[in-house]
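In: pasting the sequence and the predicted model now:
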Amino acid sequence: MSESALAERFVRLIEATGPISVVHYMAESNARYYASRDPLGAPVPGRDMGGDFVTAPEISQMFGELIGLWLADGWTRAGRPAPVHYVELGPGRGTLARDALGAARRFGLVPEVHLVEASPTLAAVQRGLLPDATWHSDLTTVPEDGALLVVANEFLDALPVRQLIRTAQGWRERMVGLVEGKLAFVAGDRPMDSASDLPEAAEGTIVEACPASAAIVGEVARRLAAQGGAALFVDYGHSSPRTGSTLQAVRAHRKLDALAAPGEADLTTHVDFAALAHVAQAHGARWCGTVEQGAFLRALGIEARADALASAAPEQAEAVATAKDRLVGAEQMGALFKAMALTDPEWPAPAGF
Ligand code: SAH
């Protein structure tokens, strides 16, 4: 028995027409997953109501507040251009936007708010916190006039990757097929040698590429160069290219087999920031660097913000310290997560890079 209705559908599809690509598998699984629930939440011992995973803005208000200050600082030094649009990609519950916009407002930055969200379920949650926002299903309808302040946290990691695997016969696309009636990774039968720049790799080597991320980052870069502004992408990933599959599934705060429960578990991969930096530059933006989340938040003053929150509410001091450690600790999110900034080449150099 498969664990999900979508798994059953994939089995029937593969029986009828043959293996499907990893891109197809991941795209359909995550579309179904995000459309059907709010996956964000803290683990609740002994209960299954705690969501599947927790993100930085849900850990502490400090994360969104510091990003709001980062945006306001660049915008102020750019001469406070108007109109100006806050654009968030994959805003989850809207928590980051609420905290960032609240902090930015104190510096006179009150942008129009545009949320790019594919999931109707999460858009409804966002509407509760951000009633005046405008929703978009992709970037094409975001205004073409005015500076853009673009934010995306744990968005790129959910976009579908293509995987290639080196077999004895050469490079092949990595597919999802059936082995003894169950979903299993298999190699495709069409030669893909021209798609790989590692002709000599050992058998079994896997490389990933994320065409959807490249398309979105390329469009953001093109818009920044044309309209002015800055973008911040925060995600887990690597700053230099790697080999190996990073596809993983998480449900109820635990990892599980990526093929076990499509549509019922969050599928992610590590973001290849080096590839995205090239794409951004090729589309006219300035790549300001990719730094570890811990270093980025420290440069923006998370220590001082944590101290201020703790002295304002001493009974919260321990919770604030724990949250700060989760965000910046090298063993926690501080080193695995990276922040990448892009700007219009004319925009002032951003803080923290
Ligand atoms: N940024 C939030 C949520 C991260 S979860 C946070 O940090 O808490 C990923 C988010 O991206 C969800 O809002 C999900 O619905 C959205 N998403 C996933 N794939 C998408 C796509 N192809 N287009 C637009 N939004 C997408």
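Out: Arrived safely.
In: what residues of stretch 109-126 count as buried?
Out: By neighbour count with 16 or more other Cβ atoms under 10 Å, stretch 109-126 contains the buried residues 109, 111, 113-119, 122-123, 125-126. C-beta coordinates here come from the backbone N, C-alpha and C atoms, glycine included.
In: take the residues you listed and keep only those in strands.
Out: 113-116 (DSSP state E).
In: show me which of those neighbour the ligand.
Out: Among these, proximity to the ligand is found for residue 116 (Cβ under 6 Å from any ligand atom).
In: a markdown table for the ones in strands among the buried residues of stretch 109-126, including pLDDT?
Out: Converted to a markdown table, these look like this (pLDDT from 0 to 100):
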| residue | pLDDT |
| --- | --- |
| 113 | 98 |
| 114 | 98 |
| 115 | 98 |
| 116 | 98 |
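In: let me know the closest of the ones in strands among the buried residues of stretch 109-126 to the ligand.
Out: Set against the ligand, the nearest of these by Cβ to the nearest ligand atom is residue 116 (5.5 Å).
In: which residues touch that closest one?
Out: Applying Cβ atoms under 8 Å, 6 or more residues apart in numbering to residue 116 gives the contacts 87-91, 135-139, 142.
In: again, but for residue 84
Out: 75, 109, 111-112, 146-149, 229.
In: nearest spatial neighbour of residue 191, skipping sequence neighbours?
Out: residue 170 (5.6 Å; Cβ to Cβ, 6 or more residues apart in numbering).
In: could you measure the one you found against the ligand, distance?
Out: For residue 170, the distance to the ligand (Cβ to the nearest ligand atom, to the nearest Å) stands at 31 Å.
In: also residue 4?
Out: For residue 4, the distance to the ligand - Cβ to the nearest ligand atom - is 18 Å.
In: okay, now that residue: neighbour count?
Out: 17 (other Cβ atoms under 10 Å).
In: I'd say it and residue 259 touch.
Out: No: using Cβ atoms under 8 Å, residue 4 is not in contact with residue 259, being 10.5 Å away.
In: show me which residues of this protein are close to the ligand?
Out: The chain has residues 30, 34, 40, 55, 57-58, 90-92, 96, 116-119, 122, 153-155, 158-159 near the ligand, with proximity defined as Cβ under 6 Å from any ligand atom.
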